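Chemist: sequence first, then the predicted structure:
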Amino acid sequence: MAIITLTSDLGLRDHYVAMLKGKILSRSPAANLVDISHDIKAFNIQQAAFILRNSFSYFPEQTIHLINVYADHKKNTRCIITQYKKHFFAGVDNGLFSLMFDADPEIIVEMPSLSTSSVFVVRDVLCDAVSDLANGKNISALGKTIQSLEAKTFLKPPESSDFLNGNVVYVDKFGNAVINITKDKFERKLQNRKYVIHCKRSNEFDEILKTYSDVPVGEKVCLFNSNGFLEIAINQGNASQLLGLHVDDTIQIEFE
């Protein structure tokens, strides 16, 4: 039984997600449909990429991941399916895949264009394609093989020997601010030195702790989360609101 995950900015109030699921199940009734998230901020491919890159590897190999997050219905509506690390990803080629992948995918296939225009290309093009893939069709038979994806990157501030800079790339539902500094990168830079982490509103941290409960309720804490990214949080509170942290804000680690 094929597993197909769905990630979108469509929400669950309206009928749009039901349309995607209904079309897939009409063509592949045995498919196991799994929702990753439909609460992506509208048109925010960075948020979608972050959620997917931190979740897809927990699914079995050969899982198909369908993504509906795109802004411009006239530009960048090339629909593609890629294979990456033994998973399949289907969506619009708008830079999301380049944000999600750390290396080039094994194969990229462009879907045939519709004869008429569509404002819902994921439904009208990709649902049939992922259904065929779930039914055993080879990815290379779905369309035309191409060599590259549209490229985008997360913000990468400059660095020096005494500073490590990062940006808030994601704020979760608890208000925890996730920064694009990994534990491995921090430890390579640390070299047994003392450090201070600077963020907005003159907030500073001189220690990275292990869990939220290492500080009293209501106190701020800095830690590496379960995905290995630096995170600023408040124990049972909302760091984004109380510390004024938002996506793209700069975080600086100063080494002494």
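Modeler: That came through fine.
Chemist: rest of the way, CA atoms for contacts and neighbours
Modeler: Will do.
Chemist: in stretch 11-22, what counts as buried?
Modeler: Neighbour-count burial for stretch 11-22 flags G11, V17, L20, K21 (criterion: 16 or more other C-alpha atoms under 10 Å).
Chemist: list just the nearest of these to A141.
Modeler: L20 (22.0 Å; C-alpha to C-alpha).
Chemist: related to what we said a few turns ago, can I get the buried residues of stretch 11-22 in a markdown table with pLDDT, secondary structure and distance to V125?
Modeler: What follows is the buried residues of stretch 11-22, written out as a markdown table (pLDDT from 0 to 100; DSSP: H, G, I helix; E, B strand; the rest coil; distance: C-alpha to C-alpha, whole Å):
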| residue | pLDDT | secondary structure | distance to V125 |
| --- | --- | --- | --- |
| G11 | 96 | coil | 20 |
| V17 | 98 | helix | 15 |
| L20 | 98 | helix | 11 |
| K21 | 98 | helix | 14 |
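Chemist: distance check, I51 against Q191.
Modeler: Separation of I51 from Q191 (C-alpha to C-alpha, to the nearest Å) stands at 31 Å.
Chemist: may I have the biggest strand by length in the chain exported as PDB, CA atoms only?
Modeler: What stands out as the longest strand in the chain, according to DSSP state E, is strand 163-171. Extracted as PDB, the C-alpha positions of strand 163-171 are listed here (Å, rounded to 0.1, in the frame of the first residue of the first chain):
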ATOM      1  CA  PHE A 163      31.000  35.300  15.400                       C
ATOM      2  CA  LEU A 164      28.400  32.800  14.200                       C
ATOM      3  CA  ASN A 165      25.400  34.400  12.700                       C
ATOM      4  CA  GLY A 166      22.000  32.900  11.900                       C
ATOM      5  CA  ASN A 167      18.400  33.700  11.200                       C
ATOM      6  CA  VAL A 168      15.100  32.600  12.700                       C
ATOM      7  CA  VAL A 169      13.800  30.300   9.900                       C
ATOM      8  CA  TYR A 170      10.700  29.000  11.700                       C
ATOM      9  CA  VAL A 171       8.300  29.800  14.600                       C
END
